[in-house]
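Peer 1: just coords:
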Ligand code: SF4
Ligand code: SF4
């Protein structure tokens, strides 16, 4: 008898210790073009028949809600409020959850979201991480559970899981490991810290790239800020909901050496990297890098990726501190937190061998 494949198990372990409350007047997650499933599209068009929800991106068959040109927000955002809130598509209902879909569906938290409390992040430096159940993510989890019941999810996950498992086993063998958990435990016990060789970090996109592709973050008292390379420095741009180009907030030098850091700042950086390495999505993106490099040990690739991520984080933290006129030496944990907020959405956008829900 034919049986439909079962949906993948939902792993919630990376939600422990986080509390979430959406911040009014933020809108960071709406500076995007969210994907829209066919059933969702009809509901959106009932709210606004003129809504541009049929833009096809990247040659796939998925619809997206268009964002305004020149670095603007999603068509439905108006004065930092969603005009289609009850009918908003799945990525918006699930945010700030991010779900990697491979051998399992693993949820993690998008730490760029200013509504996510990072108070327990450093506890991920321990073998087990924080114990507390998440707070304030119930509706988002409900959206994820509903999406997992969609008929296409189980077959999609099954196909990816086989290919992912084969690639991961080969990659782990290159470092004499048999289980991702062993690799994670090694990294957590000896977290790689960015060194002189990792600075300056890889350049940001530049003025040739569309504003909507630039790394962004939410800056208190300013709004949404995007950053790009400008000569040998880095330019910060204030984006407008309606688009039309960004307003320059200045060009700043790029951090070209590891900064001295307070003990609590080091703990927060290590906590972040120990969190990231536990994400299936990170290991999938490291797999993608490992395949390009050919011949490297997988553990070395993972460690190098984490050092590069740490260097990017510190450089953006420094930039944000300069923009606020609050540069301190040694660097404080508050400044490292600014860097985490400015880097995590980018990290989750990296190419990977896995799939997303
Ligand atoms: S980024 Fe977070 S705080 Fe900001 S609007 Fe989105 S969910 Fe709310
Ligand atoms: S549909 Fe609504 S929640 Fe989603 S990105 Fe657009 S404005 Fe934001």
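Peer 2: Ah, there it is. Remember, it's a predicted structure, so these values are computed and weren't measured experimentally. Ligands and ions are numbered 1, 2, ... in the order given.

Peer 1: ok and the residue in the stretch 151-300 of the chain nearest ligand 1?
Peer 2: At 6.2 Å from ligand 1, residue 218 is the closest residue in the stretch 151-300 of the chain, using Cβ to the nearest ligand atom. C-beta here means a position set from N, CA and C on the backbone, and glycine is covered the same way.

Peer 1: which residues does the helix or strand encompassing that residue contact?
Peer 2: Element membership for residue 218, per DSSP states H and E: strand 216-219. With Cβ atoms under 8 Å, 6 or more residues apart in numbering as the test, strand 216-219 has contacts from 23, 26-28, 31, 112, 114, 224-227, 239, 316, 320, 323, 338, 341-342, 345.

Peer 1: kindly recompute the last result at 6 Å.
Peer 2: With Cβ atoms under 6 Å, 6 or more residues apart in numbering as the test, strand 216-219 has contacts from 26, 28, 31, 114, 224, 225, 226, 341, 342.

Peer 1: partner strands of it, parallel or antiparallel?
Peer 2: Strand pairing for strand 216-219, determined by DSSP bridges: strand 223-230 (antiparallel).

Peer 1: after the strand it pairs with comes which helix or strand?
Peer 2: Counting by DSSP H and E, the next helix or strand C-terminal to strand 223-230 is strand 233-238.

Peer 1: now do that next one against strand 223-230, angle only.
Peer 2: With axes from the mean of the first three to the mean of the last three Cα atoms, to 10 degrees applied, the angle from strand 233-238 to strand 223-230 works out at 150 degrees.

Peer 1: now do the helix or strand just after strand 233-238: which elements does it pack against?
Peer 2: If you walk from strand 233-238 toward the C-terminus, the next helix or strand you reach (DSSP H and E) is strand 247-252. Contacts defined by 3 or more Cβ pairs under 6 Å, 6 or more residues apart in numbering; DSSP states H and E place strand 247-252 against strand 233-238.

Peer 1: got the buried residues for the strand it packs on?
Peer 2: 234, 235, 236, 237 (16 or more other Cβ atoms under 10 Å).

Peer 1: enumerate every residue touching the second one.
Peer 2: Under the criterion of Cβ under 6 Å, 6+ apart, the neighbours of residue 235 are 228, 248, 251.

Peer 1: okay if I get the residues you listed as TSV plus distance to ligand 2?
Peer 2: Below are the contacts of residue 235 laid out as TSV (distance: Cβ to the nearest ligand atom, whole Å):
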residue	distance to ligand 2
228	22
248	25
251	30
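
Peer 1: follow-up on the earlier one: using JSON lines, lay out the contacts of strand 216-219 together with pLDDT and distance to residue 287.
Peer 2: Formatted as JSON lines, the contacts of strand 216-219 follow (pLDDT from 0 to 100; distance: Cβ to Cβ, whole Å):
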{"residue": "26", "pLDDT": "94", "distance to residue 287": "33"}
{"residue": "28", "pLDDT": "97", "distance to residue 287": "29"}
{"residue": "31", "pLDDT": "97", "distance to residue 287": "29"}
{"residue": "114", "pLDDT": "97", "distance to residue 287": "31"}
{"residue": "224", "pLDDT": "97", "distance to residue 287": "32"}
{"residue": "225", "pLDDT": "97", "distance to residue 287": "32"}
{"residue": "226", "pLDDT": "97", "distance to residue 287": "29"}
{"residue": "341", "pLDDT": "98", "distance to residue 287": "26"}
{"residue": "342", "pLDDT": "98", "distance to residue 287": "25"}
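
Peer 1: now the residues you listed in TSV, please, with extra columns for distance to residue 17 and neighbour count.
Peer 2: Listed next are the contacts of strand 216-219 as TSV, based on distance: Cβ to Cβ, whole Å; neighbours: other Cβ atoms under 10 Å:
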residue	distance to residue 17	neighbour count
26	22	16
28	22	25
31	27	25
114	17	19
224	27	23
225	27	22
226	30	22
341	17	24
342	21	24
